[in-house]
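A.B. asks: Got a predicted structure plus its sequence, pasted below:
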Amino acid sequence: MAQQKLFGEQIAKDLAELSAHLKTHEAVCAERYSMVAARLKRLEVIIMSSAGAIILLLIGLVVGDL
């Protein structure tokens, strides 16, 4: 019976350690996610600006030839 109690205490200790590790992992992943989202937003702005500039350049070329 004492061995079973000791085994239960070890499981509780392992679960507490695992829970702490998981919370740390979630915090790190949340920070990484926010960094990735910011980089994607910046990339989206660059792509949209480039596309707008290309479209305006092409319109200018077409209108200039008329």
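C.D. replies: Structure received.
A.B. asks: and the one helix or strand S50 maps to, how far from the chain's centre?
C.D. replies: Assigned by DSSP states H and E, S50 belongs to helix 2-65. The chain centre lies 0 Å from the centre of helix 2-65; the measure is C-alpha atoms, centre = their mean, to the nearest Å.
A.B. asks: what is the rounded mean pLDDT of it?
C.D. replies: The pLDDT scores in helix 2-65 average 93.
A.B. asks: what about E31, neighbour count?
C.D. replies: By the criterion of other C-beta atoms under 10 Å, E31 has 10 neighbours. Using the backbone N, CA and C atoms, a C-beta is placed for each residue, glycine as well.
A.B. asks: quick one: it and A38, what's the gap?
C.D. replies: E31 sits 11 Å away from A38, going by C-beta to C-beta, to the nearest Å.
A.B. asks: ok, now G52?
C.D. replies: 21 Å.
A.B. asks: residue nearest the centroid of the protein?
C.D. replies: Y33 (1.9 Å; C-alpha atoms, centre = their mean).
A.B. asks: show me what contacts that residue?
C.D. replies: Not one residue lies near Y33 by C-beta atoms under 8 Å, 6 or more residues apart in numbering.
A.B. asks: picking up where we left off before, which neighbours do E31 and A38 have in common?
C.D. replies: Counting by C-beta under 8 Å, 6+ apart, nothing touches both E31 and A38.
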